[in-house]
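> Structure, please.
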Amino acid sequence: MRDTLKKLFQSSKATTALPHKSRAQSLVEFAISLPILILLLTGMVEFGFMLNTYLSVQDAARSTARRYSTINPYNPDGSDNPAFFQDAAQYLAELMAPSNDPGARQLEMDPNRDNVLVSLIGVQVDESTEPATISTIFRHADTSGAAYYKLFNQTNPPTRYTDASIEEYMTADGSQPVDTGFLIIEVHYGYEGTLNLPWTRPFMSPEEPAMMYISVIMPTIYAKPLLNSE
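So this is what the prediction gives:
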């Protein structure tokens, strides 16, 4: 009988001590996992800011392409109008950092790092072949004679729309190319980070930003070769 009571007493003592041990263990586990949770939370917040910035730049590029695809890019004598390229790039920069709305989010561009590229391209197709093939790709030049315009005069970055990539774009999935014109807007923008925490700075910081690339292609009748030759 004595042995039975002793066993019951020991079992009851172990049972009452268990909650205290469990609470202490939970506090230790929480203290260990808290830094990881903070890293995950701040990383998600920073990624949200970065995604919002990307969408803002993309909206500015799309708005610029839509607007300037409807504007005549030529002088009265038929030559290319340099102001067309300059105005398009400046318009995009103004959309990103509007001077007339100080309360809007300002996405300032760094002339030493960021850039806006504007290309006006006409594609002429030889329909006498089967299937039709692209015979000529016209690149309308700005005032410097370059094949595309840069808002900031940098060596890099170059346009990603080479003749080969344009031909691939127009013939993708067996598509038949047709005479057409394109206005292409490309934006290179460095995201410097918003929170600027020590654990996010290796990925994005004012010294080493995360570079974004956005491009928009918009058809324009003004660069269509057949119309230009009439």
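
> Sketch out the low-pLDDT regions of the chain for me.
1-21, 141-145, 226-230 (pLDDT under 70).

> For it, just list every one of the strands.
Counting by DSSP state E, the chain has strands at residues 115-126, 133-140, 149-150, 180-191, 210-219.

> Distance from the fourth one to the middle of the chain?
Between the mean C-alpha point of strand 180-191 and the mean C-alpha point of its chain there is a distance of 10 Å (Cα atoms, centre = their mean, to the nearest Å).

> Spit out the contact partners of residue 196.
Counting by Cβ atoms under 8 Å, 6 or more residues apart in numbering, residue 196 makes contact with 205, 206. C-betas here are computed from N, CA, C, even on glycine.

> Contacts only, for the residue lying closest to residue 68 once chain neighbours are set aside.
Of all residues not flanking residue 68 in the chain, residue 88 sits nearest, at 4.4 Å (Cβ to Cβ, 6 or more residues apart in numbering). Each residue near residue 88 by Cβ under 8 Å, 6+ apart is listed here: 64, 67, 68, 118, 149, 183, 185.

> Export the residues you listed as CSV, with columns for distance to residue 197 and neighbour count.
What follows is the contacts of residue 88, written out as CSV (distance: Cβ to Cβ, whole Å; neighbours: other Cβ atoms under 10 Å):
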residue, distance to residue 197, neighbour count
64, 33, 27
67, 38, 16
68, 39, 23
118, 36, 27
149, 38, 22
183, 40, 27
185, 33, 26
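
> need those in TSV with distance to residue 25, can you?
Output for these, formatted as TSV (distance: Cβ to Cβ, whole Å):
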residue	distance to residue 25
64	59
67	63
68	64
118	63
149	65
183	64
185	58
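
> how about the residues you listed, which pair is most distant?
Using Cβ to Cβ, the contacts of residue 88 span at most 15.7 Å, a distance reached by 67 and 149.

> burial count for residue 184?
When neighbours are defined as other Cβ atoms under 10 Å, residue 184 has 21 of them.

> Bridged to it, which residues?
Judged by DSSP bridges, the bridge partners of residue 184 are residue 119, residue 217.

> Compute the distance between it and residue 35, please.
In this view, residue 184 and residue 35 are 46 Å apart by Cβ to Cβ, to the nearest Å.

> Over to residue 172?
47 Å.

> Was I right to think residue 133 contacts residue 170?
No - counting by Cβ atoms under 8 Å, residue 133 does not reach residue 170; the two are 10.4 Å apart.

> Those two: which has the busier surroundings?
Each of residue 133 and residue 170 has its neighbours counted (other Cβ under 10 Å); residue 170 has more, 17 against 14.

> mind listing what the more buried one touches?
Counting by Cβ under 8 Å, 6+ apart, the residues that residue 170 touches are 123, 134, 177, 180.

> go again using 10 Å as the cut-off
123, 125, 134, 137, 176, 177, 178, 180, 182 (Cβ atoms under 10 Å, 6 or more residues apart in numbering).

> try residue 70
183, 218, 220, 221, 222.

> Would you agree the third one is in contact with residue 182?
Yes - between residue 220 and residue 182 there is a contact under Cβ atoms under 10 Å: 6.8 Å.

> shared neighbours of these two, anything?
Common contacts of residue 220 and residue 182 (Cβ under 10 Å, 6+ apart): 65, 69, 120, 121, 122.

> are any of those buried, and which?
With burial judged by 16 or more other Cβ atoms under 10 Å, the buried subset of these is 65, 69, 120, 121, 122.
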